[in-house]
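# Predicted model and sequence below, questions to follow.
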Amino acid sequence: MEVDEIEVIELELKYCERCGGLWLRRRGTEEVYCPPCVPKMLQCAIRGPRKGRLRLPVSDDIEIHGRCEELTAGCGIGGHA
């Protein structure tokens with residue numbers, strides 16, 4: 001039996017970002033979880049951000065005035081938060 005072609009698969013050592021275990025992944029891939037942790041992470045997947053623009057419930061014509069003296073007088077010496 002003669003081998004005409006040899007397939008070479010390049011691997012790289014990677015640690016799992018969930019369990020910390022070491023595993024081998026194909027070189028050039030972006031996987032960050034080992035095969036046993038992938039289904040566990042899919043169970044607790046977080047939905048992406050909502051589509052649309054975030055709007056704050058504030059009017060553009062509000063003017064804010066203040067004085068630093070009032071803020072520092074309220075804290076007193078020692079700066080209690």
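Looks like it came in fine. These numbers come from a predicted model, not from an experiment.

# Now the helix or strand where residue 38 lies - C-alpha only, PDB.
Using DSSP states H and E, residue 38 sits within helix 37-43. Written as PDB, here are the backbone C-alpha positions of helix 37-43 (Å, rounded to 0.1, in the frame of the first residue of the first chain):
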ATOM      1  CA  CYS A  37     -17.100  23.400  27.900                       C
ATOM      2  CA  VAL A  38     -18.700  24.600  24.600                       C
ATOM      3  CA  PRO A  39     -22.200  23.200  25.400                       C
ATOM      4  CA  LYS A  40     -22.000  24.600  29.000                       C
ATOM      5  CA  MET A  41     -21.200  28.000  27.700                       C
ATOM      6  CA  LEU A  42     -24.000  27.900  25.100                       C
ATOM      7  CA  GLN A  43     -26.500  27.300  27.900                       C
END
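
# ok, and what's touching that helix?
Residues from elsewhere that reach helix 37-43, judged by Cβ atoms under 8 Å, 6 or more residues apart in numbering: 16, 18-19, 33. Glycine gets a C-beta too; all of them are placed from N, C-alpha and C.

# Tabulate these (TSV), appending neighbour count, distance to residue 27 and pLDDT.
Output for the contacts of helix 37-43, formatted as TSV (neighbours: other Cβ atoms under 10 Å; distance: Cβ to Cβ, whole Å; pLDDT from 0 to 100):
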residue	neighbour count	distance to residue 27	pLDDT
16	19	17	95
18	15	21	93
19	13	22	94
33	19	17	94
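
# Between the residues you listed, which sits nearest residue 44?
Taking Cβ to Cβ as the measure, residue 44 lies nearest residue 18 of these, at 10.0 Å.

# Assess the claim that that closest one and residue 33 are in contact.
Yes: the criterion here is Cβ atoms under 8 Å, and residue 18 meets it with residue 33 at 5.3 Å.
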